[in-house]
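1. fold the following for me, if possible:
(chains A and B)
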Amino acid sequence: DAEITQSPRHKITETGRQVTLACHQTWNHNNMFWYRQDLGHGLRLIHYSYGVQDTNKGEVSDGYSVSRSNTEDLPLTLESAASSQTSVYFCASSERTGMADTQYFGPGTRLTVL
Amino acid sequence: QKEVEQNSGPLSVPEGAIASLNCTYSDRGSQSFFWYRQYSGKSPELIMSIYSNGDKEDGRFTAQLNKASQYVSLLIRDSQPSDSATYLCAVNLAGNQFYFGTGTSLTVIP
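-> Got it, this is the predicted structure:
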């Protein structure tokens, strides 16, 4: 079955380190998204991509970067991890069904920055 | 002003009752609307989508959309303890971006 996976599922790192979170989908969706979820803020968009070589900044992109070299993967990199980036990160991909796009989420990565 | 507003709850209903979850949005150009369910520690799961004014029913779930009032709701009939979760409202604005509310926590009491 097609799916979307994230790795690692849990990560503890130290302030200042570079961290990369992986996202892989087998649906062949063009659109992929990264969100972070924090209490009181809900899901906030970090970066998104509409296809290979396309990347765009979302609402909370500072300190994060993404690259899209193929359809299946959109890795999220924290250039220099900060304690404020402790969060749960969700990757999503979307397809157009009827009138609109529908998003499907990966299982999430819980990141702790000490 | 947030794009999507939800009452954070918590909302508690007895088993078998109707749970009513509400959401308002700010952009009149919004075209499609979604309800996701999120169990604690899990990822959001799509349960309903609605694009046109009126009601859309799927099993025990009914989504209601009123674009004039910029209001979308989710009714859960015959609520079960397994419905206890956080419900996220999402709105699809220009392009393919989605905006999410902060979610409403629902507890169904046996």
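
2. contacts and neighbour counts: CA atoms only from here.
-> OK.

3. just checking, residue B:20 touches residue B:72?
-> No: Residue B:20 lies out of contact with residue B:72 (CA atoms under 8 Å); the separation is 10.7 Å.

4. the more surrounded of these two?
-> Per other CA atoms under 10 Å in any protein chain shown, whichever of residue B:20 and residue B:72 has more neighbours is residue B:72, with 25 against 15.

5. any idea which element that one lies in?
-> Assigning secondary structure by DSSP states H and E places residue B:72 in strand B:71-76.

6. can you show me the CA trace of that strand as PDB?
-> Listed in PDB are the C-alpha atoms of strand B:71-76, where the atom choice follows Å, rounded to 0.1, in the frame of the first residue of the first chain:
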ATOM      1  CA  TYR B  71     -18.600  28.900   9.400                       C
ATOM      2  CA  VAL B  72     -18.000  25.200   9.200                       C
ATOM      3  CA  SER B  73     -19.100  22.600  11.800                       C
ATOM      4  CA  LEU B  74     -18.900  18.900  12.500                       C
ATOM      5  CA  LEU B  75     -21.600  16.900  14.100                       C
ATOM      6  CA  ILE B  76     -20.900  13.500  15.500                       C
END
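
7. off-centre distance for it?
-> Remark: strand B:71-76 is offset 6 Å from the chain centroid, using CA atoms, centre = their mean, to the nearest Å.

8. just after that strand, pick out the following helix or strand.
-> Of the helices and strands lying after strand B:71-76 in sequence (DSSP H and E), the nearest is strand B:85-92.

9. tell me the bridge partners for the residue sitting nearest the centre point of chain A.
-> Among the residues of chain A, residue A:34 comes closest to the average C-alpha position under CA atoms, centre = their mean, at 2.7 Å. Residue A:34 forms beta bridges with residue A:47, residue A:91, as assigned by DSSP bridges.

10. next one: it from residue B:40, what distance?
-> To residue B:40, residue A:34 is 19 Å away according to CA to CA, to the nearest Å.

11. would you mind naming what in chain B lies close to chain A?
-> B:31-32, B:42-46, B:51, B:92, B:96, B:99-103 (CA under 8 Å from any CA of the partner chain).

12. cool, thanks, signing off.
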